[in-house]
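A.B. asks: Show me how the following folds:
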Amino acid sequence: MEYLKTDLCIIGAGSGGLSLAAGAAQLGVKVVLVEADKMGGDCLNVGCIPSKALIAAGKAAHQARGSAKMGVTQGQALHVDLARAKAYVAEVIAKIAPHDSQDRFEGLGVTVIRAWGRFTSPKTLEAGGHVIKARRFVIATGSRASVPLIAGLDSVPYLTNETIFDPSLLPRHLLIIGAGPIGVEMAQAHVRLGVQVSLIDSGPLLGCEDPDLTAPVAAALRAETVALYIDHTIKQVAPTGPEGSIRVTLADGTTLTGSHLLMATGRQPQIVGLGLDVAGVKTGKNGVLASDDLRTSNKRIYVMGDAVQDGLQFTHVAGTHAGLLARRLLFGLRAREKRTLIPRVTYSDPELAQVGLTLAEARAHYGDKVTVITQSLKCSDRAQTQDQQDQGLIKLIIYAGRPIGVGITAPHAGELISLWTLVLTRKISLSAVAGMTFPYPTLSEISKQAVRGYFSPKLFGNLWIRAWVLFVQRYL
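C.D. replies: Numbers count the residues shown, from 1 in each chain. As a prediction, this is how the structure comes out:
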């Protein structure tokens, strides 16, 4: 065994681990980075990057089909090459990969060990023939697809986000179990690329989100011929036919037969085999237990990203954690996670974005004291020009005059939610948003229109204000 002594040892080279490693190394900290799988983690290889590339390919096909209404027609029948779309996904990954590569990080001075790490004591980690003793460790091992127990599932081949992007995989009819963000995104992307799609879930579509916000997404999926089987319990999965087809039987007797099955049923932290019990790190059912400064029960060991118990499993959360840990471990500053200020986006078309509390969460906290303002995209001139006026709304949740939650379903909702993330984070007043000048015509104006919807009754229904206005007209 080779013994290494270092300031910081990061276990996992996903987006969060890489961000922290790069920042620490450039500030002169001795860093050891341990990674058994691909550099870049899930986000680059089987998550955000490939999924958004496939979504972009599907959107290009969808726009080509829908252009006739605006006077643009195809000179010949539209042809969608699913294999070429999958190749495009691989090309995008290849373009980004050098930024996350082992060569780049070794060039920054990071010692990279390509092996699985396992704690052998509260102060040491063993990986690839090395015993690493560090002043501090960070667990950044991410998560893996979680597959529930379903009768017969072990008798059929199935896909997860880790295999769906295989360039050789060309499904004819894709059965998707799980109507969360991954299931919805993959359903729409594939149907736009010419694949027949059935989307199945025992609960509602995007069940963690506000039903008013999910309704336009469901309508879009149905309009694009995705067969939705929502609130349908699955009874059994079984192989059928000579070509390896798969049959899903629902509790009501409905049977669905497809060429491929995608399990999009959530994710679980990847912490098995790390020797956390030996390290004195406490774990829960869904990850590593940690305080709001990301420190575990072992004061030398921190955790970030998807590995955190019941954490928000998004790449931008891992990035936020990297920033928090940089403040704490590199500069000795206090930094704490504020989960309610983390935005989330489902990259469907229209997109669904949320920051802060949903209406259900707000009412659970504050009862009927919350005010709800809803503004439809029908009021957006930009949406009208793009024939997108029926694709969504913004919903403001207000308590004591302050916004505590905002949900948006609209084209580019992921971009529009950034304003509200700043408003909630910095506690900016609604009057400040009302006083902003938004460029016209843009979809972002919908935010100002919603704020006006909050102030208008207070302005036009106030008798004292009306009396003052009349006084000004007569005497000033």
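A.B. asks: Can you tell me the closest non-neighbouring residue to the spatially most central residue of the chain?
C.D. replies: Among the residues of the chain, the one closest to the centroid is Phe314, at 4.8 Å (C-alpha atoms, centre = their mean). Leaving out its chain neighbours, the residue that sits closest to Phe314 by C-beta to C-beta, 6 or more residues apart in numbering is Arg344, at 6.2 Å. (C-beta placed from N, C-alpha, C; glycine too.)
A.B. asks: Tell me, what's the model's pLDDT at Gln76?
C.D. replies: Reading off the confidence values, Gln76 has pLDDT 64.
A.B. asks: can you pull out the helices in the stretch 101-250 of the chain?
C.D. replies: Assignment of helices within the stretch 101-250 of the chain using DSSP state H, counting those that start in this stretch yields the ranges 102-107, 181-192, 211-223.
A.B. asks: if we can go back for a sec, please name the residues that touch the residue nearest to Phe314.
C.D. replies: Residues near Arg344 by C-beta atoms under 8 Å, 6 or more residues apart in numbering: 312, 314, 353-355.
A.B. asks: Mind picking the two most distant members of the residues you listed?
C.D. replies: Leu312 and Ala353 (13.8 Å; C-beta to C-beta).
A.B. asks: what's around Gln63, how many residues?
C.D. replies: 12 (other C-beta atoms under 10 Å).
A.B. asks: Just the CA atoms of stretch 207-217, as PDB, please.
C.D. replies: Below are the C-alpha coordinates for stretch 207-217, written out as PDB (Å, rounded to 0.1, in the frame of the first residue of the first chain):
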ATOM      1  CA  GLY A 207     -46.700  14.300  -8.300                       C
ATOM      2  CA  CYS A 208     -44.500  16.700  -6.300                       C
ATOM      3  CA  GLU A 209     -45.700  19.700  -8.300                       C
ATOM      4  CA  ASP A 210     -48.800  21.900  -8.200                       C
ATOM      5  CA  PRO A 211     -51.700  20.400 -10.300                       C
ATOM      6  CA  ASP A 212     -52.400  23.700 -11.900                       C
ATOM      7  CA  LEU A 213     -48.800  23.800 -13.200                       C
ATOM      8  CA  THR A 214     -48.700  20.200 -14.300                       C
ATOM      9  CA  ALA A 215     -52.000  20.400 -16.300                       C
ATOM     10  CA  PRO A 216     -50.400  22.200 -19.300                       C
ATOM     11  CA  VAL A 217     -47.600  19.600 -19.400                       C
END
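A.B. asks: pLDDT (mean, whole number) over that stretch?
C.D. replies: Along stretch 207-217, the predicted confidence averages to a pLDDT of 97.
A.B. asks: Show the contacting residues for Arg363.
C.D. replies: Val370.
A.B. asks: let's number from 570 now, not from 1
C.D. replies: That works, and once the first residue is 570, the last one we named lands at Arg932.
A.B. asks: Give the buried residues for the helix or strand harbouring it.
C.D. replies: Under the assignment given by DSSP states H and E, the secondary-structure element containing Arg932 is helix 928-935. Within helix 928-935, the residues that qualify as buried are 928, 930-931, counting by 16 or more other C-beta atoms under 10 Å.
A.B. asks: Could you pull out the strands in the stretch 870-1019 of the chain for me?
C.D. replies: Listed in chain order, the strands of the stretch 870-1019 of the chain (DSSP state E, counting those that start in this stretch) span 870-872, 913-915, 920-925, 940-945, 962-968, 971-979.
A.B. asks: Pick the most buried one from those strands.
C.D. replies: For those, ranked by mean neighbour count under the definition mean count of other C-beta atoms under 10 Å, the leader is strand 870-872 at a mean of 27.
A.B. asks: How far does that one sit from its chain's centre?
C.D. replies: Between the centre of strand 870-872 and the centre of its host chain there is 23 Å, according to C-alpha atoms, centre = their mean, to the nearest Å.
A.B. asks: State the mean pLDDT of that strand.
C.D. replies: The average pLDDT for strand 870-872 rounds to 98.
A.B. asks: other SSEs contacting that strand?
C.D. replies: Identification of packing neighbours for strand 870-872 by 3 or more C-beta pairs under 8 Å, 6 or more residues apart in numbering; DSSP states H and E yields strand 699-708.
A.B. asks: Residues contacting the strand it packs on, please?
C.D. replies: Where contact means C-beta under 8 Å, 6+ apart, the residues beyond strand 699-708 that reach it are 570-581, 586, 589, 601, 603, 682, 684, 686, 689, 692-695, 840, 843, 845, 850, 857, 865, 869-873, 876, 894, 898.
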